[in-house]
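[1] Predicted model and sequence follow; I will ask about them next.
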Amino acid sequence: MSALNIKKGATSHSAYNLKAGYDDTVERHTLAILVENEPGTLARVIGLFAGRGYNIESLTVAETDHHGHLSRITIVTSGTPQVIEQIKAQLGRIVPVHKVNDLTVEGPSVERELALFKVAGKGDARIEAVRLADIFRANVVDSTLESFVFEVVGTSEKIDAFGELMRPLGLTEVVRTGIAALSRGA
Amino acid sequence: MTKAMTGAKMVVQALVDQGVDVVFGYPGGAVLPIYDEIFQQNHIQHVLVRHEQGAVHAAEGYARSTGKLGVALVTSGPGATNAVTGLTDALLDSIPILVLTGQVPTFMIGSDAFQEADTVGITRPCTKHNWLVKDTDDLARTIHEACHVATAGRPGPVLVDIPKDVQFATGTYTTKQARKSHYSPQVKGDITSITDLVKAMETAKRPLFYTGGGVVNSGDAATQLLRELVAATNFPITSTLMGLGCYPASGDNWLGMLGMHGLYEANMAMHDCDLMINIGARFDDRITGVIEKFSPHSKKAHIDIDPSSINKVIQVDIPIVGDIAHVLEDLLKVWKSRGRKTNTEGVSNWWDTINEWRKLDCLKFTQTGKIIKPQYALSRLEELTKKYDRYITTEVGQHQMWAAQYLGFENPNRWMTSGGLGTMGYGTPASIGVQMAHRESLVINVAGEASWLMNMQEMGTAMQYKLPVKQFILNNERLGMVRQWQELLHGERYSSSWSESLPDFVKLAEAFGAKGIICSDPDDLDDAIMEMITYDGPVIFDCLVEKHENCFPMIPSGKAHNDMILGENADTANAIQGAGGALV
């Protein structure tokens, strides 16, 4: 689901007003959580998802405000509208959580992910890998005579697509950062 | 004002500044510096319990009966792990308590040191928040912050883990006022939603107040406003187990407790109402029964300070996030300003229906023969103690439900029970905590013999501090509620649900230095209860009751509110069927 596609049942202005009732369509949401950077905060957030049986599809975290001692956690999760609202409310209860934003419903947002792909090969496969990398605007960040490491930045779909193309060309290892997301506009 | 002092001294100073006067605790290696400071002061009384679980439940009893913060102090490792049940209990029932734990010195953390446990890790899911303090300069600020978090918003348990070197080291004391915190839950409700609720109240034909522990937590103002609202609107009111006493049991509009073992009229009203006003309750599964059949025709409003309680279990039409007292004040204002309207005719017809249900007299029982029925024992206890300045605690099981059904509560903070977690062994230590706060009052723990044995060591605490708690044990030599479910669901195969090798409770009382009373004859019961009440000291009352009595009414799991098992001659065969069998 694209980030711009706001589904029925989730409302942007309310944390709990779900008129759709027991809608059982599963939605994918990107949540931005601003937390105090203190020991155990990430464990609290992850423990909440594990303890209450919610999904984590992707998780990214780093300190973003050094002076304010604040970290930003970006979580991609999925569930019915009721579950998503409950996840946000439960996150809001955690004492060191300052703010929870649902980027999927609060207007348009941009999502980016960085991935590194190690592709080993010789001859034509090697040439083809570089050509495709060029199309994807991937950078070569390491090379030997028998391998490349490509750096790709983009949406998760783009990274998935690049991975599929590299697989027959000698893909040996992948690492992904998980999604970083920001709302569009001021 | 800042002052240099040791961490251990800071702990005591911070508690004094927070107005704490009693701490329930048990010493050990990692808290010795704090105990040394407690020894050298007179502001805070320390109550030595016999097991750390007892310390936490006692703190809960203290907190629930006073509306203040309860405090427990335990050592590292086993001290902390023994506190886990009490912390979880306080989390589920929203009881404000502060647990201070000792920890091995900072330089030994992670080395599997003697009596080391990852206390903040273990207690993270069972506290509202917890802290490990690694620097003495942070200690006072953290304790002040912890007290704030425990009591602000939806109350709950907090824990501060203090390594031994932090207790010994000297640092700067931070005053209560200097605390900086972003944690400040919303207390005022959205006025548009409140107005929506008022409009619904004006037209509703079959309205119902469904109140819970949140009213108790919100404080005396909430109770007063609730009573004013009920009197002004003439709507019927029911309450969960946790909210008993907010509306007086003797009040005209009182329907009694609702839920799995709630009263017929209360559950029928929940099922048939057209406007349900949930005030500080959380649609617990003991209340709702099967969700699909829960109050199918009603518009539902929900007032709660915790946004995550709203739409968690039941989708509601009018959600209001805020503190009960604040919201009810605004609600009354709006309702009055719009002309104090209700659908008088509709509500009057609604009362006619309810009064028909009341005629069923679902708590009726017949005391015949020479064996005491538990319902009779509690009816007599109610009759003989209701004039007293009385506080009741309970354990968990059939006796707890009978106590909720047959005892009447005129005020909040008089009824201490483990509702959410259902902790057997809660009642005895809780009664000690209550009695510490109310030295002159009559404190009774209504217990079953099986629950009571779980924390009976605390009788030693009662003796040491001369706390005249009355342990009223309904002894059926069974794990009564387990047995009842085995009768209903498991073909009367009573697997491990009887209490064998029970102690002689009278001799046990005497061994502790307390008074023991045994009663098995209904004709002797009144005298025996009076003997218990008038004895100046702790009593263990062994009340031998009917062994196979079932607790009714009951909504069997998987059934709706209007599908209850009732009364004395209920047909219990195959009462629970299909998917209901998987529920607890």
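    Okay, I see it. Numbering: from 1, shown residues only, chains lettered A, B, ... in the order given.

[2] The residue of chain A found nearest chain B: what secondary structure?
    In chain A, the residue found nearest to chain B is A:A89; the distance is 3.6 Å by C-beta to the nearest C-beta. In short, each C-beta sits where N, CA and C put it, glycine included. For A:A89, the secondary-structure state derived from DSSP: H, G, I helix; E, B strand; the rest coil is helix.

[3] B:P319 is in contact with that one, correct?
    No: contact between A:A89 and B:P319 fails when scored by C-beta atoms under 8 Å: they sit 10.7 Å apart.

[4] Give me the more crowded residue out of the two.
    In terms of neighbours (other C-beta atoms under 10 Å in any protein chain shown), B:P319 is the more surrounded of A:A89 and B:P319; the figures are 26 against 20.

[5] Quick check: phi and psi at that one.
    Dihedral angles phi and psi of B:P319 (degrees, to the nearest 10) take the values phi -90, psi 140.

[6] for B:N343, same thing?
    Here the main-chain torsion angles of B:N343 (degrees, to the nearest 10) amount to phi -80, psi 80.

[7] Could you check how far it is from chain A?
    Distance, B:N343 to chain A, using C-beta to the nearest C-beta, to the nearest Å: 25 Å.

[8] What of B:E265?
    B:E265 sits at a distance of 29 Å from chain A (criterion: C-beta to the nearest C-beta).

[9] Quick check: that residue is in a strand.
    No: under three-state DSSP, B:E265 sits outside any strand and is assigned helix.

[10] ok, and the closest non-adjacent residue to B:G480?
    Spatial nearest neighbour of B:G480, chain neighbours left out: B:Q398 (3.7 Å); criterion: C-beta to C-beta, 6 or more residues apart in numbering or on different chains.

[11] Just the mean pLDDT for stretch B:76-90, thanks.
    Averaged across stretch B:76-90, the pLDDT comes to 98.

[12] Are that stretch and chain A in contact anywhere?
    No: figure legend: stretch B:76-90 not in contact with chain A (C-beta under 8 Å from any C-beta of the partner chain); closest approach 12.0 Å.

[13] what about residue 148, how many neighbours?
    You didn't say which chain, so I picked chain A. 22.

[14] The intended chain is chain B.
    The local packing of B:H148 (other C-beta under 10 Å) involves 19 other residues.

[15] Then B:Y210?
    Here the number of neighbours of B:Y210 (other C-beta under 10 Å) works out to 29.

[16] Quick check: it is in a helix.
    No: secondary structure assignment places B:Y210 outside any helix; it is strand (three-state DSSP).

[17] Ramachandran angles for the nearest residue to B:I38 once chain neighbours are set aside?
    Spatial nearest neighbour of B:I38, chain neighbours left out: B:H46 (5.2 Å); criterion: C-beta to C-beta, 6+ apart. For B:H46, the backbone dihedrals are phi -100, psi 130 (criterion: degrees, to the nearest 10).

[18] Repeat that for the one 4 residues further on.
    Summarising the backbone geometry of B:R50 under the convention degrees, to the nearest 10, its torsions are phi -110, psi -10.

[19] residues contacting the nearest residue to B:G213 once chain neighbours are set aside?
    Counting by C-beta to C-beta, 6+ apart, the nearest residue to B:G213 once its immediate chain neighbours are dropped is B:M242, at 3.2 Å. Neighbouring residues of B:M242 by C-beta atoms under 8 Å, 6 or more residues apart in numbering or on different chains: B:93, B:212-213, B:216, B:281, B:417, B:419-420.
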